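Student: Structure here, sequence nowhere to be found:
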DNA sequence: CGGCAT
DNA sequence: CGTA
DNA sequence: GCCG
């Protein structure tokens, strides 16, 4: 049976390819990869590939104009005739069936939707640049006679030459669906004269299905200082602003998902022409000037006088605060800029290949044109995830129905939540007791079986089927709904089953997801009566947000630019701090500023664990985290500084002006305090806390082994909770990330001080079992006096340098054998690589003498003691423990380096750099000039009680710093 | 306007 | 890029 | 975001 079906399947697919191309159906690039495992009759291995893949192919609906309905119908009849004509050869029938299905797909699609317009490319540029010549050239290159459509005089309908596609993608298979390009498109010429520019710009904002813009410039007029350059830059600047605004609107109906612009440097055949690379740089330079002069003009006219910053921001091209304009700054707005040279006329004929290539790229099909997608996805959440990744925003029809019925929003999409409770299997990590090895491939098999059982019993598909056949509640909303075209995701089985059955089966049973694309506005879709129109006041936005249980942020762009995100609240009340001289505000009345608070480095002042302003500080810490998650490392640094500063202030702050006195605090900080004082909170904090994206990022960020970058990476894959990570990305996690996910909650559980000390005692005891004479200091937060710690930092040292050499593997192995340590997350060689002596990174010790000790191990700890009568398994939770080994001679540096808060550490390093020109790390101090190791603590002799503290104090002294107790280093 | 810990 |  |  399988032997027989195998070649058939191959033929089906080949035939499918052919027809897909013929009829302009878009196949997902991955289809090719997946066909092979499918036809090799290895369903299990293919589901691995498919589990990755997702949407196999989708139909698309553009270019439909090229197929006249009646022609289509006749061709259908033709095919049908062949299909049902009894043929002696089953194979032939099968092939024919395969051929017929795409056609059917096409008709279904055709019926289901309204006509959409041809993709359009705008031709813009200063007059004399050769636009019109280019337009005519493009028309002529298009072999069959072209016609100007009558309604728009400057519009030409063009088609790509058939061979262009293949020729420009030689390295690709012709069948590669990424080659699928709209063969017909509109080219719209716009007036080049300065006075008529706004027409051109109107075209940008008003054209539906805008695929790209070609800005034509005459490369011979772009020399430095030439008028042509200035004019072109001027025009281009304004054009880019228009595009930026359009894209910035984002959720607006017309904004495309991406909008490429080609700067076509024309007349490259002339030797006076500037090379393309130079065209690019000189335009960037000139636009920089234009940008500056425009913003000045704004200021002069009084528009952007500070109180209306938003206004100004809108008219600023590219990245705010950037010195030089670069085209790459437009990527923030999904606008890619390409500069390519060519010539329309010329002795050797026209040379426009690079421009064609660009156009092909711009005209490539994308999923937003599709109405049906087929894939081996059985579950709705997975569909949602894939669509998120493809930036295809749809509203789940089911949730819309609900919305319509309920009238009140608050209809949180249940699907995701439901899945979790329904699918108990999901999210479970295999924990093989005893060794506790993380099962690396466990989830992939689980994934397979899960999806297979799902397709067996129908799962959500059946549920959907039921709901769609149910007598519909006659609500207006729902009726409206049915008129609108939807985007459907079907299981591939629909296709295969249809082929097997020899006829097209109804889609219902295979429908995994049906959603309404959010492209077009449909304000009349649902009645709005829910909560006040928040930002954007876009009903659809909220509907989508609700559907994904992610409020307003659904559309929020999140580029890396600091400027882009800074949640509106930051700029909201930017009024200057108005100085009143009420009693509270009188600087005379403020408590005296302790002298240490004039110090810039936090290592110079005592910072206790708690301050009278803890509440305010905690809010600031939240902003700091938000900065981190938005990849604003400098913002993090800034907030760390000011938090440390406020944390050192021993009085309750009473007025914003009082804040201004503190180092690292300025206007911005004062304003924040004012806001806190008046409202008891900070708007940015509230915003961040209500921001679904930030919630997700924070959750990911809290995974040990996942930093802010990776958190964003996970988010960009469409994952929205840890279950998504486990289900879709487990194998791609690093080992430590897997451990981090596995013990997520346990690692976040605070460790009481007593337990910290207990763990320290165990480590010390075991160390002494190996080599007697070890001394131990618990460093980290516990040493700073925290009643609860996030982890346990144990520092071990031994007077004998031979003892500490290579000791880390010894202690971890022992603890692992005894069962205290369940996992070693990381062995670090930092100190060891230098041969334990922190000496001279410039003159490393000769290797070979066994200098390869590791100086720390980050491990997972679990208490092995429990009541075996009561518990079958060890009920103790896993803890994060760091075991640090330091040689005696630098123990003071080590302890110092491991005891302070982060900001204390940074400031200490900054301090010794500035004041002493030294370089500090926990393995010792070195002179920056010659790299020589500095023995700061050598004067402390002996190794008895209290010597370690003495050594640490010595380091302070040698640095010229006043001693700070560990609990005075709580910089946050 | 460069620098911001190692 | 992650950890400390 | 603040400092020099």
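Tutor: Nice, thanks for sending it over. Being a predicted model, the structure only gives us computed values, none of them experimental.

Student: Of all the residues in chain A, which one is nearest DNA strand C?
Tutor: Across chain A, no residue is closer to DNA strand C than residue A:707, which sits at 2.6 Å (CB to the nearest atom of the strand). C-beta coordinates here come from the backbone N, C-alpha and C atoms, glycine included.

Student: Pull up the gap between that residue and residue A:872, please.
Tutor: Note on residue A:707: its distance to residue A:872, by CB to CB, to the nearest Å, is 37 Å.

Student: got a pLDDT number for the residue of chain A closest to DNA strand C?
Tutor: What the model reports as pLDDT for residue A:707 is 94.

Student: show me the contacts for the closest residue to it other than its chain neighbours.
Tutor: In space, and not counting its chain neighbours, residue A:707 is closest to residue A:701: 7.0 Å by CB to CB, 6 or more residues apart in numbering. Residue A:701 makes contact with A:625, A:628-629, A:707-708, A:711, according to CB atoms under 8 Å, 6 or more residues apart in numbering.

Student: Quick check: the residue of the stretch 1-150 of chain A nearest DNA strand D.
Tutor: Counting by CB to the nearest atom of the strand, the stretch 1-150 of chain A gets nearest to DNA strand D through residue A:124 (35.9 Å).

Student: Sorry, wrong one. I was asking about the stretch 151-300 of chain A.
Tutor: Closest point on the stretch 151-300 of chain A to DNA strand D, by CB to the nearest atom of the strand, is residue A:295, at 18.7 Å.

Student: That residue is in contact with residue A:316, isn't it?
Tutor: Yes: under the criterion of CB atoms under 8 Å, residue A:295 lies in contact with residue A:316, with a separation of 6.3 Å.

Student: give the contact list for residue A:782.
Tutor: A:753, A:756-757, A:789, A:792-793.

Student: Weed out the non-buried ones from those.
Tutor: A:753, A:756, A:789, A:792-793 (16 or more other CB atoms under 10 Å).

Student: just checking, which of those residues belong to helices?
Tutor: Among the buried ones among the contacts of residue A:782, the members found in helices (DSSP state H) are A:753, A:756.

Student: Pick the one among the buried ones among the contacts of residue A:782 closest to DNA strand D.
Tutor: Using CB to the nearest atom of the strand, the buried ones among the contacts of residue A:782 come closest to DNA strand D at residue A:793, 28.0 Å.

Student: how close does the residue nearest to that closest one when sequence neighbours are not counted sit to residue A:800?
Tutor: Closest residue to residue A:793 apart from its sequence neighbours, by CB to CB, 6+ apart: residue A:780 at 3.2 Å. Applying CB to CB, the value for residue A:780 to residue A:800 is 25 Å.

Student: ok, now which ones touch residue A:261?
Tutor: Applying CB under 8 Å, 6+ apart, the residues contacting residue A:261 are A:212-215, A:239-240, A:243, A:330, A:335-338.

Student: Check the gap between residue A:913 and residue A:971 for me.
Tutor: Distance from residue A:913 to residue A:971, by CB to CB: 18 Å.

Student: DNA strand D contacts on chain A?
Tutor: A:566, A:570, A:600, A:634-635, A:637-639, A:641-642, A:663-669 (CB under 7 Å from any atom of the strand).

Student: 6 Å instead?
Tutor: With the criterion set to CB under 6 Å from any atom of the strand, chain A comes near DNA strand D through A:570, A:600, A:634-635, A:637-638, A:642, A:663-669.

Student: For DNA strand D, what's the nearest residue on the stretch 351-500 of chain A?
Tutor: Taking CB to the nearest atom of the strand, the stretch 351-500 of chain A has residue A:391 as its residue nearest DNA strand D, at 28.7 Å.

Student: Secondary structure of that residue: a strand, I assume?
Tutor: No: under DSSP: H, G, I helix; E, B strand; the rest coil, residue A:391 falls outside any strand and is assigned coil.

Student: Give me the number of neighbouring residues for the residue lying closest to it once chain neighbours are set aside.
Tutor: Using CB to CB, 6+ apart and skipping the chain neighbours, the partner closest in space to residue A:391 is residue A:257 (5.4 Å). Neighbours of residue A:257 under the rule other CB atoms under 10 Å: 15.

Student: how much space between residue A:257 and residue A:211?
Tutor: 11 Å.

Student: ok, which stretches of the stretch 651-800 of chain A are strands?
Tutor: For the stretch 651-800 of chain A, the strands defined by DSSP state E, counting those that start in this stretch cover A:751-752, A:775-779, A:788-789, A:792-798.

Student: quick one: contacts for the closest residue to DNA strand D within the stretch 501-650 of chain A?
Tutor: Sorted by distance to DNA strand D under CB to the nearest atom of the strand, the residues of the stretch 501-650 of chain A start with residue A:638, at 2.7 Å. By CB under 8 Å, 6+ apart, the contact set of residue A:638 is residue A:664.

Student: Give me the phi and psi for it.
Tutor: phi -60, psi -50 (degrees, to the nearest 10).

Student: longest helix anywhere in chain A?
Tutor: Max-length helix for chain A by DSSP H is helix A:276-300.

Student: Show me what that one packs onto, helices and strands only.
Tutor: helix A:227-249, strand A:261-266, helix A:309-314, strand A:337-341 (3 or more CB pairs under 8 Å, 6 or more residues apart in numbering; DSSP states H and E).

Student: what's the nearest residue to residue A:661 if we skip its chain neighbours?
Tutor: residue A:593 (5.6 Å).

Student: Can you report how many residues lie near the one you found?
Tutor: Other residues close to residue A:593 by other CB under 10 Å number 14.

Student: that's a strand at it, yeah?
Tutor: No: going by three-state DSSP, the assignment for residue A:593 is coil, not a strand.

Student: tell me the pLDDT at it?
Tutor: For residue A:593, pLDDT reads 84.

Student: which residues of the stretch 51-200 of chain A score low on pLDDT?
Tutor: By pLDDT under 70, the weakly predicted segments of the stretch 51-200 of chain A are A:51-117, A:140-154, A:160-183.

Student: List the contacts of the closest residue to DNA strand B within it.
Tutor: Nearest to DNA strand B, among the residues of the stretch 51-200 of chain A, is residue A:126, at 30.2 Å (CB to the nearest atom of the strand). Contact partners of residue A:126, counting by CB under 8 Å, 6+ apart, are A:192, A:194, A:217-218, A:228, A:231-232, A:235.

Student: Restricted to buried residues, select those residues in PyMOL.
Tutor: Per 16+ other CB under 10 Å, the buried members of the contacts of residue A:126 correspond to this PyMOL selection:
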select buried, chain A and resi 192+217+218+228+231+232+235
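
Student: which parts of the stretch 251-400 of chain A sit against DNA strand B?
Tutor: Checking the stretch 251-400 of chain A against DNA strand B by CB under 6 Å from any atom of the strand, the hits are residue A:323.

Student: low-scoring pLDDT stretches of the stretch 251-400 of chain A, where are they?
Tutor: A:251-255, A:296-314, A:320-322, A:364-371.

Student: Mind checking which of residue A:295 and residue A:316 has more residues around it?
Tutor: residue A:316 (19 against 16).

Student: quick one: the residue of the stretch 51-200 of chain A closest to DNA strand B and residue A:342, what's the gap?
Tutor: For residue A:126, the distance to residue A:342 - CB to CB - is 17 Å.
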